[in-house]
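*Asks:* just need the structure, nothing else, for what follows:
(one chain, ligands or ions: 1)
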Amino acid sequence: MSAVTDPEVSCPLCRVAADRQSLCCPSCREDLSVLFRLRYAGRIDYNRALDALDAGDTATALLRLHSALEAEPGLDPARELLESLSVAGPGGAVPAGREGDTPSE
Ligand SMILES: [Zn+2]
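*Replies:* Numbers count the residues shown, from 1 in each chain. Below you'll find the predicted structure:
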């Protein structure tokens, strides 16, 4: 189990990778810091879930994983961890997953 790597954020207009230092698009200079924050949100929650698991707090870990996947539906490590916890989870405290709608970017 390991933390995920930094996300890639690209300008929605130019489709080029944002500059990590300035958090701006190197092409059109659009401020992409909000996108960075959105991208990081899922990973921050995922890493908090790992911390919670380390501390033996499975309930908090599950909440964090759900938040992580809401922020970033494509965050596979969070999804896999959530699935493994759901299978081996304690006492069925796992909320039912939504069916049908898998938002994709
Ligand atoms: Zn741009």
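*Asks:* what does the protein have sitting close to the ion?
*Replies:* 11, 13-14, 25, 27-28, 30 (C-beta under 5 Å from the ion). In short, each C-beta sits where N, CA and C put it, glycine included.
*Asks:* adding distance to residue 54, write those residues out as CSV.
*Replies:* What follows is the residues of the chain next to the ion, written out as CSV (distance: C-beta to C-beta, whole Å):
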residue, distance to residue 54
11, 36
13, 40
14, 40
25, 37
27, 41
28, 42
30, 38
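*Asks:* so how far is residue 48 from the most centrally placed residue in the chain?
*Replies:* Nearest to the mean C-alpha position of the chain, by C-alpha atoms, centre = their mean, lies residue 42 at 2.4 Å. With distances taken as C-beta to C-beta, to the nearest Å, residue 42 is found 11 Å from residue 48.
*Asks:* for residue 19, same thing?
*Replies:* In this view, residue 19 and residue 48 are 27 Å apart by C-beta to C-beta.
*Asks:* picking up where we left off before, most surrounded residue in the residues of the chain next to the ion?
*Replies:* residue 25 (22 neighbours; other C-beta atoms under 10 Å).
*Asks:* who are the neighbours in contact with the nearest residue to that residue once chain neighbours are set aside?
*Replies:* Using C-beta to C-beta, 6 or more residues apart in numbering and skipping residues adjacent in sequence, the residue nearest residue 25 is residue 11, 3.7 Å away. Residue 11 sits next to 17-18, 25, 27-28, 30, 32 when contact means C-beta atoms under 8 Å, 6 or more residues apart in numbering.
*Asks:* what residue ranges in the protein score low on pLDDT?
*Replies:* 1-7, 88-105 (pLDDT under 70).
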